[in-house]
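> Kindly return the folded structure for what I paste below:
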Amino acid sequence: MEEKRIKLSSVAAAKEFVVRASKCDFDIDVYYNRVIIDAKSLLGVLSLDLTRVLTVCMHGEDAEFAAYLEELATKAATAA
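Okay, the predicted model is just below:
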């Protein structure tokens, strides 16, 4: 189980995140505070506060998605 802290800066970025997460064949959760959302649910991801840094928890391995999360984590670190 791998966790990354990311920031989704826009609705378009959230949509891209959900599309990429949906390609993975394992569960991925996104959470902020006590709210946990399925990363493959666009409505769920959009219900989170996109101005905040979110935590993504992958319950499997996918190198391509992990690299994408690393890009988002880098953006979150520079934005914070």
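> Going by C-alpha atoms from here, please, whenever you check contacts or count neighbours.
Noted.
> Show me the helices in this structure, by range?
Counting by DSSP state H, the chain has helices at residues 11-22, 42-46, 63-79.
> Which neighbouring elements make contact with the longest one?
Spelled out, that is helix 63-79. Counting contacts by 3 or more Cα pairs under 8 Å, 6 or more residues apart in numbering; DSSP states H and E, helix 63-79 packs against strand 2-6.
> May I have the residues that are in contact with the residue most central in space within the chain?
For the chain, the residue nearest the mean C-alpha position is Val56 (4.8 Å; Cα atoms, centre = their mean). The neighbourhood of Val56, defined by Cα atoms under 8 Å, 6 or more residues apart in numbering, consists of 3-6, 28-31, 39.
> Of the residues you listed - the most surrounded one?
Within those, Ala39 tops the neighbour count with 24 neighbours, counted by other Cα atoms under 10 Å.
> close enough to count as contact, that residue and Leu48?
No. At 10.9 Å, Ala39 does not count as touching Leu48 under the criterion of Cα atoms under 8 Å.
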